[in-house]
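Enquirer: need the 3D shape of this:
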Amino acid sequence: MGEEASEDMKALLQRVSNASVYVDDRCLGKIDRGLLVFLCIEKGDTEEDLGYIIKKTLNLRIFEDPYGKMNLSLLDIKGDILVISQFTLAAKTRKGNRPSFDNAESPDRAKAMYERFIRLSRAEGIKVASGEFGALMKVSLTNDGPVTILLDSRDKRK
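Expert: Numbers count the residues shown, from 1 in each chain. All right, here's what the predicted structure looks like:
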């Protein structure tokens, strides 16, 4: 059976009141109100997929307005982003009990797209903190709501 391109970049968004990431007891990044973004780059992901995920992340109306309705975006509230590379979102669990990560993109290409996500988000005026690509990280957060949304770039084609 041949290798198939996945073409579905994933981002797990958690609305937070604060979040931080540590490597070896060293704080690499922390944010206040905003989004913790676990970003998964898979084989076959394109610049179009990346653009879709960034646009959705910045514009998804999941923050409350003064009336308590989820009606405001990250841009509206001038919130922050903490982005963490998360290849484990590519896990396939159909067979057996050990997840397969075969759909995860190669580290070099995934790192480049992860860094591009950070640059393009900052270009929109967002304060972006990040972890260390490929490192063993400890992430702490206070989930606000809780609100957790899974974005999948396949949705752009539906």
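Enquirer: so how far is stretch 94-102 from its chain's centroid?
Expert: Put simply, stretch 94-102 sits 22 Å off its chain's centre (Cα atoms, centre = their mean, to the nearest Å).
Enquirer: do stretch 124-138 as well
Expert: Taking Cα atoms, centre = their mean, one finds the center of stretch 124-138 at 10 Å from the center of the full chain.
Enquirer: may I see the buried residues of that stretch?
Expert: Buried positions in stretch 124-138, judged by neighbour count with 16 or more other Cβ atoms under 10 Å: 126, 128, 129, 130, 131, 132, 137. Backbone N, C-alpha and C define where each C-beta goes, glycine included.
Enquirer: doesn't residue 28 fall inside a strand?
Expert: Yes. Under the criterion used here (DSSP: H, G, I helix; E, B strand; the rest coil), residue 28 sits inside a strand.
Enquirer: roughly how far apart are it and residue 151?
Expert: For residue 28, the distance to residue 151 equals 23 Å [Cβ to Cβ, to the nearest Å].
Enquirer: could I get the buried residues of stretch 124-138 as a markdown table with pLDDT?
Expert: As requested, the buried residues of stretch 124-138 are exported to a markdown table (pLDDT from 0 to 100):
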| residue | pLDDT |
| --- | --- |
| 126 | 96 |
| 128 | 98 |
| 129 | 98 |
| 130 | 98 |
| 131 | 96 |
| 132 | 96 |
| 137 | 98 |
